[in-house]
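Undergrad: give me the fold of what follows.
(chains A and B)
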Amino acid sequence: MKNYIIRRLLQMIPVFIGILFILFFILEQAPGTPVSNMMHPKMTPEQKAELALKLGLDVPWYERFVNWIAEALHGNLGYSINHKKPVTDVMADYVGPTLMLSLASLIISITIGIPAGVISATKQYSFVDNVLTVISFIGISIPAFFFGLILLKLFAVDIQIFPLFGLQDPLLKTDSSFIKAIDIAKHLFLPSVVLGLNSTASFMRYTRSSMLEVIKQDYIRTARAKGLKEKTVIYRHAFRNAVIPIITLLGFWIPSLLSGAVITETIFGLPGLGKISVEATMTRNYPLILGINSMLAILTLIGALVADILYAIADPRIRYE
Amino acid sequence: MVKSETQIKSKATRKNQSYWGEVFYRLRKNKLAMMSFFMLIIIISMCIFVPMFSKYSIETYNAVERDQKPNSTHLLGTDKTGRDLFVRLFYAGRISLGLALAVVFLECTAGVILGSLSGFYGGIVDIIIMRIAEIFMSFPFMIFCITIVAVFGNSIPNLIFILALLSWPSIARIVRGQILTLREMEYMEACEALGISDFRRIFKHLLPNVLAYVIVYATLGMASVILTETSLSFLGLGVSPPTPTWGNMIQEARNMLIIQNKWWYWIPPGICIFISVMCFNILGDGMRDAIDPKMKR
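TA: Here you go, the predicted structure:
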């Protein structure tokens, strides 16, 4: 197991360098250098060269690529010109809402999706199962932005029970942290539902098919033959094995939630990573784009690894050479 | 007598049906999948024929009839420059569905070729192709899409290329997995003994067995590409106006006034995306069950 983890970590290095290389290469193709936006049109070529030298842009891109990696290993991801702050600081400022949002929607999808999947599987082909299956198809098919706009229209415009925009009410004057927390929760409710719907549906579908597979197996028949209660059979014997594949799903899900937050954050105006990455691409803020992309890529790789490790812990039948 | 003869005959033909005949037979029995199939045919033909036969074009501006609610002349109303939204909706469908079709075709072609090379040759070819696939699968999909679109511009050919570039690894992995099992079968040994060329072995003897999986993947892929393209267009990073797509039509709803009072601007394209994505999902699911009844849940 230890050897397996070490081997996987070593395999991650070339993949990660490959990702950075492609990102660097793509950003290099962009029209206009990062400096051209800062340059005054009347600057002489000498002044331009001096500015490029100051920003470390006088060397070819592959050399900057190596420099960037060297700096990144020391925790320096560059400087965001638009925010007048280092990229790591900007990301730290905006990561909060994204994390809260992802966590809330993950909780929604686990607490609703998994039980619904179990019910659907134990009552296969019943009315309940059909309704839940249709709902799960709706959940994976409705575009997040459309669903978000509908919720926004219904619950923030027509009946104003939820706020329309942002993370906090700017007019709220209070020192009580409890009231502030309530305010933030109200702002996050609709976005979490939107972000959570799709994953709830996916969890439901996976749980259902995984449960159905387990229920067919011989040991479940044995458990029933022993005269165990149906509840015990399903929740103690079947569910434990059925939930293992879901763990893998979780590992892959966390990075995709963060990525999916782009649309949700844009609709609801939440100041999170998704929103600033859209802004960063619009304003061609390359250090920030590079920082966010590489952070999410590394999260994806780690997520996949953690999923595999958890899988092995949860299911001792799995052996890694 | 005659009746029983035909009965026997029909039974016999059922028995001798080809692989694909069996698949279609099972698919036809799936009511939900067939409903989705016909729904898709309706949507696609509307997209083809409505812009063709309507008296309005997508660029017919009309200052007098602007901002109208749905009525008998303009079935889905008009926008702020007086363009007929019914025609625009189905013209947008042409773009959204056509773009998705092109992406799926490209990604499947690339995925099938790379996946079969990887599975057939193994060794260093396999390692290189699968590492590249892993790299492309590890990008944060939406954010990476935005990045590339921002760099290379958002023309339609660019979008097709970018979305295909980001999605080929999944199909390549599926094909590779299938080829790996098929390669070990005895008929492949026979192929080798007969001295059939690699090219012929891959394309004539291996790929037809993988085709069913590719078709299922492509159907489900249509659903996900439609979602991605419309999301990008909604963010203003996909197809840009005046060319309408279902995504950028909904973009209008980011205006407070429109979301409050003018449902006909953004609800119809949203429903179109929703229905077509759902139909592709259900049809793809049904096809998977029809191809492999063992997998039926």
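Undergrad: pLDDT weak spots in the stretch 151-297 of chain B?
TA: The model of the stretch 151-297 of chain B has pLDDT under 70 over residues B:293-297.
Undergrad: can you tell me the helix or strand for residue 47?
TA: In the absence of a named chain, this looks at chain A. helix A:45-54 (DSSP states H and E).
Undergrad: actually, chain B is the one I wanted.
TA: helix B:31-53.
Undergrad: what residues does that helix touch?
TA: B:27-28, B:57-58, B:86-87, B:90-91, B:93-94, B:97, B:272, B:275-276, B:278-280, B:282-283, B:285-287, B:290 (CB atoms under 8 Å, 6 or more residues apart in numbering or on different chains). Heads up, the C-betas are built off the backbone N, CA and C, glycines and all.
Undergrad: which among those are in contact with chain A?
TA: For chain A, the contacts drawn from the contacts of helix B:31-53 by CB under 8 Å from any CB of the partner chain are B:Met278, B:Ile282.
Undergrad: next structured bit after the helix holding B:Cys47?
TA: Next element after helix B:31-53 (DSSP H and E): helix B:85-121.
Undergrad: how far off centre is the following helix or strand past that next one?
TA: The first helix or strand that comes after helix B:85-121 along the chain, using DSSP H and E, is helix B:123-138. Offset of helix B:123-138 from its chain centre (CA atoms, centre = their mean, to the nearest Å): 24 Å.
Undergrad: cool, stretch A:297-304 as well?
TA: Remark: stretch A:297-304 is offset 10 Å from the chain centroid, using CA atoms, centre = their mean.
Undergrad: what's the answer for stretch B:93-103, then?
TA: 8 Å.
Undergrad: contacting residues around that stretch?
TA: For stretch B:93-103, the surrounding residues in contact (CB under 8 Å, 6+ apart) are B:43-44, B:46-48, B:51, B:156, B:159-160, B:163-164, B:167, B:221-222, B:225-226, B:229-230, B:239, B:243-247, B:272-273, B:276.
Undergrad: quick check: pLDDT value at A:Ser259.
TA: On pLDDT, A:Ser259 comes in at 72.
Undergrad: and it, how far from chain B?
TA: 4 Å (CB to the nearest CB, to the nearest Å).
Undergrad: that residue reaches B:Ile146, doesn't it?
TA: No - if you go by CB atoms under 8 Å, A:Ser259 and B:Ile146 don't touch, sitting 9.9 Å apart.
Undergrad: spatially, what comes nearest to B:Gln17 if we skip its sequence neighbours?
TA: B:Tyr25 (6.8 Å; CB to CB, 6 or more residues apart in numbering or on different chains).
Undergrad: residues making contact with the stretch of helix or strand the one you found belongs to?
TA: Taking DSSP H and E as the definition, B:Tyr25 sits inside helix B:19-28. Applying CB under 8 Å, 6+ apart, the contact partners of helix B:19-28 are B:Arg14, B:Gln17, B:Ala33, B:Met34, B:Ala212, B:Gly286, B:Met287, B:Asp289, B:Ala290, B:Ile291, B:Pro293.
Undergrad: could you save the residues you listed as JSON lines and add columns showing secondary structure?
TA: As requested, these are arranged in JSON lines below (DSSP: H, G, I helix; E, B strand; the rest coil):
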{"residue": "B:Arg14", "secondary structure": "helix"}
{"residue": "B:Gln17", "secondary structure": "coil"}
{"residue": "B:Ala33", "secondary structure": "helix"}
{"residue": "B:Met34", "secondary structure": "helix"}
{"residue": "B:Ala212", "secondary structure": "helix"}
{"residue": "B:Gly286", "secondary structure": "helix"}
{"residue": "B:Met287", "secondary structure": "helix"}
{"residue": "B:Asp289", "secondary structure": "helix"}
{"residue": "B:Ala290", "secondary structure": "helix"}
{"residue": "B:Ile291", "secondary structure": "helix"}
{"residue": "B:Pro293", "secondary structure": "helix"}
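Undergrad: okay, now the unreliable bits of the stretch 201-321 of chain A?
TA: Looking at the stretch 201-321 of chain A by pLDDT under 70, you get A:318-321.
Undergrad: so which residues on it come close to chain B?
TA: Within reach of chain B by CB under 8 Å from any CB, the stretch 201-321 of chain A has these residues: A:208-209, A:212, A:255-256, A:258-260, A:262-263, A:266-267, A:274, A:277-278, A:281-282, A:284, A:289, A:292-293, A:296-297, A:299-301, A:304.
Undergrad: PyMOL command to pick out the buried ones of the residues you listed?
TA: To isolate the buried ones among those in PyMOL, judged by 16 or more other CB atoms under 10 Å in any protein chain shown, type:
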select buried, chain A and resi 208+209+212+255+256+258+259+260+262+263+266+267+274+277+278+281+284+289+292+293+296+297+299+300+301+304
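Undergrad: count of neighbours near B:Ala218?
TA: 20 (other CB atoms under 10 Å in any protein chain shown).
Undergrad: now do A:Met1
TA: Around A:Met1 there are 10 residues (other CB under 10 Å).
Undergrad: my guess is it meets A:Leu310, correct?
TA: No - the pair A:Met1 / A:Leu310 is not scored as a contact, 12.0 Å apart, by CB under 8 Å.
Undergrad: stretch B:248-257 vs chain A: in contact?
TA: Yes - contact between stretch B:248-257 and chain A, assessed by CB under 8 Å from any CB, occurs at B:Ile250, B:Ala253, B:Arg254, B:Met256.
Undergrad: now the third one: phi and psi?
TA: In terms of degrees, to the nearest 10, the main-chain angles of B:Arg254 are phi -80, psi -10.
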